[in-house]
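Participant: here is a sequence with its predicted model. Questions after.
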Amino acid sequence: MNNLIEQNIQFTFSGDNYKDGKMSRIYKNVRRDAAASDLVKVGKAISSLQKDKGLVEAILIQKSAVDLSAE
């Protein structure tokens, strides 16, 4: 089941203007060879541009095809 077809990242940001103090955004088409440290840098850069309180969580979302003939 190692047939990775898509990879996304979900960033959660903290800020007074956000409902419940947090806002999550999903960014699609993350490169398969992206390093965790690079993803954190991107999240922090987005947070800085938004002028919020900071990045509080990053979740890598991977979607893989399931072989239906496997039993």
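Facilitator: Received it, and whenever you're ready, just let me know what you need.

Participant: check what pLDDT residue 69 gets.
Facilitator: Note on residue 69: pLDDT of 85.

Participant: what's the spacing between it and residue 16?
Facilitator: For residue 69, the distance to residue 16 (C-beta to C-beta, to the nearest Å) stands at 52 Å. For the C-beta atoms, the positions are set from N, CA and C on the backbone; glycine is no exception.

Participant: quick test: name the residue nearest the centre of the chain.
Facilitator: Nearest to the mean C-alpha position of the chain, by C-alpha atoms, centre = their mean, lies residue 9 at 1.8 Å.

Participant: and that one, how far from residue 45?
Facilitator: Relative to residue 45, residue 9 is positioned 13 Å away (C-beta to C-beta).

Participant: how far does the helix or strand hosting the residue nearest to the centre of the chain sit from the chain's center?
Facilitator: Taking DSSP states H and E as the definition, one finds residue 9 inside strand 3-14. When distances are taken as C-alpha atoms, centre = their mean, to the nearest Å, strand 3-14 is centred 3 Å away from the chain's centroid.

Participant: try stretch 58-71
Facilitator: When distances are taken as C-alpha atoms, centre = their mean, stretch 58-71 is centred 17 Å away from the chain's centroid.

Participant: many thanks, we can stop here.
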